[in-house]
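Visitor: here is a sequence with its predicted model. Questions after.
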Amino acid sequence: MTTLKDVAERVGVSISTVSRVVNNEASHSVRPETREKIWNAVTELGYQPTKSARGHDSDKKHHATIGSPLGCILAVTQNKYNHPYFSGILEGIEKGIAEMGYELAFVQSVDDLRNPTVLNRILYENTPVGLILVEGLEPGLYSQLKQRIPHLIVVDGSDPSIPRVTYDRVEAARAVVRHLLQQGHKEIAFIGGSGLSQEIEKEKRYRGYRDALLEAGIAVRPEWVVDCYWDVEKSYQMTKELLQNKERPTAIFAASDMIAISAMRAANECGLRIPDDIAFAGIDNIELSAYCSPPLTTVHIPKLEIGNIAAKTLIDYIQGRYPVPVKISVPFELKIRQSSVKSKK
């Protein structure tokens, strides 16, 4: 078992200095660079602060009050305030928390948490009483947060022991592909990204795509399943390669609007007319989807409402209103636009 002495030896400081840092003793100052080295060593060696150091006894869950700090972590690598999907959810979270008289102390991305100083500040120094996780995190990191944070809410998570706010991604994808099938398309490709499992077959939107095809008696063609890792540039390049093959699909279902829009550009550059030569549909209904050319068929996801519900559900748990974890599923709406419907002549 790792001790304070082990951490002190790793950093090259005294045991008392390590103790002051992990116990957050404000009466003794420690240089920022030394503090960072100590927290790095704590993480690397797996040192577990005592209950007194962590400041989280079993009763703390029942003493959260209005004004208690809350946090949010977004499973996005960058542009957390300007991302066309995540920023809508974040806006709902911020509004919901403010309306209830609480404070959103921080918003971090998964990239931010790769900095040990940031992570240890959340886990040990300024630990929030409640945290909203927007989409999945790497299992080890998720386990640390679950252990340390008194109250968690997950947006689109799969852990039944944690309250969740979500929409049915499988059914949403199925609805889009059924629409394409109703338009007469049988050769439908999928472009999206694998999740934390790194297996596209486990991704919910892919499963909805696959299920809709199988319902129609159509086999999935592996060469028409494109994993672009949620990268719009890869979506553009890989769609271009797909459409330059001798056999190409007549429709593409993209697992997000951003991916769909970049794929549409690839189709245009290949000389294909949308939707006459190839149809497109996405998911999310980001603002840009109604203004691209042609406007994109998509699924409206109530992003602001999801964030607002997540915020207020977290506060309900903090205040002890729910005795067991709940799963709240919000509705979605198919938005049919010109990218998938041929004009009548």
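Guide: Yes, it's here.
Visitor: could you use CA atoms for every contact and neighbour count after this?
Guide: Will do.
Visitor: and residue 112, how many neighbours does it have?
Guide: Using other Cα atoms under 10 Å, residue 112 has 17 other residues around it.
Visitor: what about it, distance to residue 72?
Guide: 12 Å (Cα to Cα, to the nearest Å).
Visitor: please apply the same query to residue 44.
Guide: In terms of Cα to Cα, residue 44 sits 24 Å off from residue 72.
Visitor: those two: who's more crowded?
Guide: Higher neighbour count among residue 44 and residue 72: residue 72, with 23 against 12, using other Cα under 10 Å.
Visitor: where does that one fall, phi/psi-wise?
Guide: Residue 72 adopts backbone torsions of phi -140, psi 140, taken as degrees, to the nearest 10.
Visitor: beta partners for it?
Guide: Beta bridges link residue 72 to residue 107, residue 132, judged by DSSP bridges.
Visitor: dump the residue contacts of it.
Guide: Taking Cα atoms under 8 Å, 6 or more residues apart in numbering, we find residue 72 in contact with 104, 106-108, 131-134.
Visitor: quick check on these: which are buried?
Guide: Neighbour-count burial (16 or more other Cα atoms under 10 Å) applied to the contacts of residue 72 gives 104, 107-108, 131-134.
Visitor: in CSV, list the residues you listed along with pLDDT and distance to residue 89.
Guide: Output for the buried ones among the contacts of residue 72, formatted as CSV (pLDDT from 0 to 100; distance: Cα to Cα, whole Å):
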residue, pLDDT, distance to residue 89
104, 88, 14
107, 91, 12
108, 91, 14
131, 96, 14
132, 97, 11
133, 96, 11
134, 94, 8
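Visitor: from those residues, which is closest to residue 151?
Guide: Each of the buried ones among the contacts of residue 72 was scored against residue 151 by Cα to Cα, and residue 131 proved nearest at 6.4 Å.
Visitor: residues near residue 149, how many?
Guide: 18.
Visitor: ranges for the helices of the stretch 101-250 of the chain?
Guide: 116-120, 139-148, 169-182, 204-215, 232-243 (DSSP state H, counting those that start in this stretch).
Visitor: identify whichever of the ones you listed lies nearest to residue 279.
Guide: helix 169-182 (8.0 Å).
Visitor: the closest one: how far from the chain's middle?
Guide: With Cα atoms, centre = their mean, to the nearest Å as the basis, helix 169-182 stands 22 Å off its chain's centre.
Visitor: for it, buried residues please.
Guide: So for helix 169-182, counting by 16+ other Cα under 10 Å, buried means 169-181.
Visitor: now those residues in a markdown table, with pLDDT and distance to residue 335?
Guide: Converted to a markdown table, the buried residues of helix 169-182 look like this (pLDDT from 0 to 100; distance: Cα to Cα, whole Å):
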| residue | pLDDT | distance to residue 335 |
| --- | --- | --- |
| 169 | 95 | 15 |
| 170 | 97 | 17 |
| 171 | 98 | 15 |
| 172 | 98 | 11 |
| 173 | 98 | 12 |
| 174 | 98 | 14 |
| 175 | 98 | 11 |
| 176 | 98 | 9 |
| 177 | 98 | 13 |
| 178 | 98 | 13 |
| 179 | 98 | 10 |
| 180 | 98 | 12 |
| 181 | 98 | 15 |
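Visitor: of those residues, closest to residue 4?
Guide: The closest of the buried residues of helix 169-182, once distances to residue 4 are taken by Cα to Cα, is residue 169, at 46.4 Å.
Visitor: I'd say that closest one and residue 205 touch.
Guide: Yes - counting by Cα atoms under 8 Å, residue 169 does reach residue 205; the two are 5.7 Å apart.
Visitor: distance of the residue most central in space within the chain from residue 343?
Guide: The residue lying closest to the centre of the chain (Cα atoms, centre = their mean) is residue 135, at 3.0 Å. For residue 135, the distance to residue 343 equals 38 Å [Cα to Cα].
Visitor: also residue 30?
Guide: In terms of Cα to Cα, residue 30 sits 69 Å off from residue 343.
Visitor: more neighbours: these two, which one.
Guide: residue 30 (15 against 8).
Visitor: please list all residues in contact with that one.
Guide: By Cα under 8 Å, 6+ apart, the contact set of residue 30 is 17, 21.
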